[in-house]
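Q: Predicted model follows, preceded by the sequence.
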Amino acid sequence: MKGVSVRKIKIIYVFCRANPGKDVVFVNVAYHLGEVLRKRKIGLVYGRGRFGLMGYVPTTVARHKRQVLGIIPSAFIVNNLVGEICGREIKVATMHERLLKMMELSDAFITLLGGFGILEELFQMIS
């Protein structure tokens, strides 16, 4: 279309839960999303967990040398609740600060399976 500019997506934030669920389909979708990001040379911003769906996407992206950035509230670091780091990490004070940082650093976002916490963050991003 003439006069319409298209912005290239370089970094996507992925909302997903730290639990794989009971159906392997959700795990496969997370791995597939990581492969799509890799193939399209799109970097990833995520909530910095390494468990469940939240771990599958960044692991796949990082394995192929794409940019991975985890943003984590400092309260989650206690007792290694989030596992080993995958890519770079930014520590923030609160969940709200994490969401603001994710919005600042991402060109777009995708939501995978999740619960009320994922929905809350999604609605905050939209509004």
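A: Happy to help now that I have it.
Q: hey, let's count contacts and neighbours off CA atoms from now on
A: Noted.
Q: Report the beta-bridge partners for the residue nearest the centre of the chain.
A: Central residue of the chain (CA atoms, centre = their mean): residue 46, 2.5 Å from the mean position. On the basis of DSSP bridges, residue 46 is bridged to residue 70.
Q: pretty sure it is touching residue 61, no?
A: No. Counting by CA atoms under 8 Å, residue 46 does not reach residue 61; the two are 11.3 Å apart.
Q: any idea how far the residue nearest to the centre of the chain lies from residue 125?
A: 14 Å (CA to CA, to the nearest Å).
Q: Kindly report the same for residue 34.
A: Computed as CA to CA, the residue 34 to residue 125 distance reads 21 Å.
Q: max-length helix in the chain?
A: Across the chain, the helix with the greatest residue count (assigned by DSSP state H) is helix 24-39.
Q: Which parts of this structure are helices?
A: 24-39, 53-63, 95-105, 116-126.
Q: any idea how far the last one is from the chain center?
A: Right, the one you point to is helix 116-126. 13 Å (CA atoms, centre = their mean, to the nearest Å).
Q: Pick out the least confidently modelled helix or strand of the protein, by mean pLDDT.
A: Ranked by mean pLDDT, DSSP states H and E, the weakest helix or strand in the chain is helix 53-63, scoring a mean of 77.
Q: rewinding a little: quick one: residues contacting the residue nearest to the centre of the chain.
A: When contacts are counted by CA atoms under 8 Å, 6 or more residues apart in numbering, residue 46 touches 13-15, 54, 58, 68-71, 102.
Q: What score does it have for pLDDT?
A: We have a pLDDT of 83 for residue 46.
Q: circling back: neighbour count: residue 34 and residue 125, which is higher?
A: residue 34 (25 against 14; other CA atoms under 10 Å).
Q: Now do that one against residue 65, distance only.
A: Here residue 34 is placed at a distance of 12 Å from residue 65 (CA to CA).
Q: now swap in residue 107 and tell me
A: Applying CA to CA, the value for residue 107 to residue 65 is 19 Å.
Q: Which of the two has more residues huddled nearby?
A: Between residue 107 and residue 65, residue 107 has the larger neighbour count (other CA under 10 Å), namely 16 against 12.
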